[in-house]
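# Predicted model follows, preceded by the sequence.
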Amino acid sequence: IKEALHKFNKMTDLSINQNKSSMLVSGISNEQAAFLHLQSGFASMENDMKYLGLPLITKRITKNDCYPLYHKITSIMTAWDNRKLTQSGRLVLIKSVVFSSIVYWARTIILPIKLLHLLRSAMSRFFWTGSIHNRKIVPCAFSKFEVPFKSGGLGILDIRKWNIAAISKQFDAIINKRDSLWVEWTWHHNIKNKDFWVMEIPQLSSWTWRSILKYREVFLPFIQYSVNASSKVKFWNEPWGRQGLILSKLFSFSQIVQTGISLSADANSYLLNGNIQLPTTSNQEIQHTWDIIQQTNFTAIQSNSIKWNGKPHSVMGVYNSLTESDPLPAALWHEVIWSTDTVPQYNLMMWKVINNALLTRSMLQKVGMICPMQCLFCEIEEETTDHIFFECPALHNLLFHLGGKTGTYLTGHTSIIQWNIILKATKWRTVESRVLTVCLKVFVAVIWRERNLRVFENVRRNDMVLWTDMKCSIHKQLKHCASSIPLSMLHAWA
């Protein structure tokens, strides 16, 4: 082995890095293994074989096999523990840095469900507490984070769906027969002379290959083969007539024979002047399918490409398709919440209010914590999210002042969601509405800050101090969009 490596070095000028290489031995005694390691200079490898950092195994991949990925991500988040990051800052880091660390693994293997649960749990603890080791109460499930902005979530990608979308890159390479050694080997060794779309899943192949074949049904609705004079698309066993349609799966063998079209026929054999011309049949079910296919115009197709929802393949495009296949109702308030007139911290605060994700005394008692139930402002009613911000009589004076400045009566509504829907449905994006939105977000942030001061520091500020704090914060936010806010309105909050 040493001679072969030396010869390889002389021919290519490439040498083995012993610090990054190891040797796996089997079937020999410990003394012989120790001698080989000593002579070769390679460290001993246990049973965790890796190639380019990924586990090199044929069986089902477990969360233990993916521990290096989990360790890498948790190490990144642990390094941020001592940084004084706001929750909006942590959200940005989760969306960018953490997900970029998963890309390499996610595009290569199907990540185990248990690993995804661990990653979600770590990201949730980091977002809420600033540390993955902190086991404090989490007021909102991470599944709400993985909902798009327009549906009321935080826009974090669903890890499971994104993993499936990332795997589609391998899938696209196989069906397009990309110039790759792995693709060549896959067609020669795994597919051979079978039809990829209809071949059975072999039980003796690797778990990764079986997983790729299993996801054919997931990707099929998004795929359509191009048919032109030079293409070699199988008539029965490849999706070409309509997106996601394989004809051999629609009919029985006797019906296929009845059509008179050979099982090995190519679709372009029936292409005439840009249209598919199929033989007529007395079978109404078959004729109905023929009529649908013949409505498609293939004249504009020039290349032999394979389209994903009518476009070239992209991981994000497949992810969007997977998300749209299971649509969620739109949140009427999402545009108001995520407007750019206020800093992200205020936007996130309003999102937590709407999703009842603030640790009020009412919520703390629901999770088993013993604490007083009374509101810290009126000291009479139960402290809930809606009570603090719109129902508490001790804060009506502040709402009255805020309404006087904006020309809106704020104390008549008892729900944050109700106010955001009203803003969206009536005069959203007008100057007055934008100012009112800023005021509402600042009011929520200042009141919650005051509530926490009373709980943790036993500090109580009077209404005049709170009103001054609100005016200063509103003026600061409006200055960011001063170009679109009248100067007189800006001075009114100075």
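On my side now, so go ahead. In this text the structure is predicted, and so the values were computed from the model without any measurement. Residues are numbered from 1 along each chain as shown.
# Show me the shaky parts of the protein.
By pLDDT under 70, the low-scoring segments of the chain are 46-48, 82, 228-231, 241-243, 273-274, 295-304, 407-429, 482-483.
# most centrally placed residue in it?
residue 157 (1.5 Å; Cα atoms, centre = their mean).
# Now for that residue: which residues touch it?
Going by Cβ atoms under 8 Å, 6 or more residues apart in numbering, residue 157 touches 95, 99, 146, 319. In short, each C-beta sits where N, CA and C put it, glycine included.
# Ok, residue 148 next?
155, 323, 328.
# and the second one, how many neighbours does it have?
The reference is to residue 323. Neighbours of residue 323 under the rule other Cβ atoms under 10 Å: 19.
# go on, the first one?
By the measure other Cβ under 10 Å, the count of residues near residue 155 is 15.
# That one touches residue 99, doesn't it?
No. The pair residue 155 / residue 99 is not scored as a contact, 11.6 Å apart, by Cβ atoms under 8 Å.
# what sits against residue 177?
Counting by Cβ under 8 Å, 6+ apart, residue 177 has contacts 183, 187.
# ok, now residue 146?
Going by Cβ under 8 Å, 6+ apart, residue 146 touches 153-154, 156-159.
# again, only this time at 10 Å
Residue 146 makes contact with 120, 153-162, 323 under the criterion Cβ atoms under 10 Å, 6 or more residues apart in numbering.
# Of the residues you listed, which is the nearest to residue 77?
Nearest to residue 77 out of the contacts of residue 146 is residue 120 (Cβ to Cβ; 12.7 Å).
# check which helix or strand covers the closest one.
Using DSSP states H and E, residue 120 falls within helix 113-129.
# now the following helix or strand past that helix and helix 113-129, what's the angle there?
Counting by DSSP H and E, the next helix or strand C-terminal to helix 113-129 is helix 159-175. Calculated by axes from the mean of the first three to the mean of the last three Cα atoms, to 10 degrees, helix 159-175 forms an angle of 130 degrees with helix 113-129.
# now for the following helix or strand past helix 159-175, which elements pack on it?
With elements assigned by DSSP H and E, the helix or strand that comes after helix 159-175 is helix 181-185. Judged by 3 or more Cβ pairs under 10 Å, 6 or more residues apart in numbering; DSSP states H and E, helix 181-185 is in contact with helix 159-175.
# counting contacts, what elements does the helix it packs on pack onto?
helix 99-106, helix 113-129, helix 181-185, helix 207-214, helix 216-219, strand 223-225, strand 306-308, helix 315-324.
# what separates stretch 356-371 from the chain centre, distance-wise?
Distance of stretch 356-371 from its chain centroid, counting by Cα atoms, centre = their mean, to the nearest Å, is 30 Å.
# Not counting that stretch itself, show me its contacts.
Everything outside stretch 356-371 that qualifies as a contact, by Cβ under 10 Å, 6+ apart, is 128, 136-141, 144, 348-349, 351-352, 372-376, 382-389, 416, 444, 448, 451-452, 455.
# if we can go back for a sec, which among the contacts of residue 157 gets closest to residue 222?
residue 319 (11.0 Å).
# Skipping its backbone neighbours, what lies nearest that closest one in space?
residue 165 (3.8 Å; Cβ to Cβ, 6 or more residues apart in numbering).
# can I assume the one you found is in contact with residue 103?
No. Assessed by Cβ atoms under 10 Å, residue 165 is found out of contact with residue 103, at 11.3 Å.
# quick check: angle from the helix holding residue 120 to helix 99-106?
Using the same axes, to 10 degrees: helix 113-129 against helix 99-106 is 180 degrees.
# What residues of the helix or strand residue 287 falls within count as buried?
Here residue 287 is covered by helix 284-294, with elements defined by DSSP H and E. Residues of helix 284-294 classed as buried: 286, 289-290, 293 (neighbour count, 16 or more other Cβ atoms under 10 Å).
# Next, the residues that contact it from outside, please.
Contacts for helix 284-294 (Cβ under 10 Å, 6+ apart): 240-242, 245, 247, 250-251, 255-256, 258-259, 267, 270, 275-281, 283.
# where does residue 373 fall, phi/psi-wise?
With angles defined as degrees, to the nearest 10, residue 373 sits at phi -100, psi -10.
# Could you check how far it is from residue 367?
Distance, residue 373 to residue 367, using Cβ to Cβ, to the nearest Å: 14 Å.
# same deal with residue 220?
44 Å.
# which of the two has more neighbours?
residue 220 (16 against 10).
# thought that one was touching residue 244?
Yes. Counting by Cβ under 10 Å, residue 244 is a contact partner of residue 220 at 4.9 Å.
# Just checking, which helix or strand succeeds the helix or strand harbouring residue 75 along the chain?
Element membership of residue 75, judged by DSSP H and E, is helix 67-79. Later in the chain than helix 67-79, the nearest helix or strand by DSSP H and E is helix 87-93.
# So residue 318 is in contact with residue 164, correct?
Yes. Between residue 318 and residue 164 a contact is recorded at 7.9 Å, counting by Cβ under 10 Å.
# what sits in contact with each of those two?
171, 218-219.
# distance of the closest residue to residue 182 other than its chain neighbours from residue 196?
Nearest non-adjacent residue to residue 182, counting by Cβ to Cβ, 6+ apart: residue 173, 7.9 Å away. Distance check for residue 173 against residue 196: by Cβ to Cβ, it reads 12 Å.
# okay, now the residue nearest to residue 182: neighbour count?
16.
# Provide a list of residues in contact with it.
179-180, 182-183, 186, 313.
# What of residue 159?
By Cβ under 10 Å, 6+ apart, the contact list for residue 159 reads 98-99, 102, 106, 111, 115-117, 119-120, 123, 142, 146.
# Save these as a markdown table, and put in distance to residue 233 too.
Output for the contacts of residue 159, formatted as a markdown table (distance: Cβ to Cβ, whole Å):
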| residue | distance to residue 233 |
| --- | --- |
| 98 | 41 |
| 99 | 36 |
| 102 | 35 |
| 106 | 30 |
| 111 | 33 |
| 115 | 38 |
| 116 | 36 |
| 117 | 41 |
| 119 | 40 |
| 120 | 41 |
| 123 | 43 |
| 142 | 43 |
| 146 | 37 |
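# Pull the most distant pair out of these.
It's 106 and 142 that sit farthest apart of these, by Cβ to Cβ, at 17.5 Å.
# unless I'm mixing things up, residue 143 is touching residue 151, no?
No. Applying Cβ under 10 Å, one finds residue 143 not in contact with residue 151, separated by 11.9 Å.
# more neighbours, these two?
residue 151 (15 against 11).
# wait, doesn't that one sit right on residue 333?
No. Residue 151 is beyond contact range of residue 333, at 11.2 Å (criterion: Cβ under 10 Å).
# From start to finish, how long is stretch 77-93 in a straight line?
9 Å (Cα to Cα, to the nearest Å).
# what's that stretch in contact with?
With Cβ under 10 Å, 6+ apart as the criterion, stretch 77-93 contacts 76, 94, 97-99, 122-123, 125-134, 145, 154-156, 343-349, 351-352.
# repeat that for 8 Å
98, 122-123, 126-128, 130-133, 154, 156, 343-345, 347-348.
# so what's the backbone phi/psi at the residue nearest to residue 16 when sequence neighbours are not counted?
Closest residue to residue 16 apart from its sequence neighbours, by Cβ to Cβ, 6+ apart: residue 5 at 5.8 Å. When read as degrees, to the nearest 10, the backbone of residue 5 gives phi -70, psi -40.
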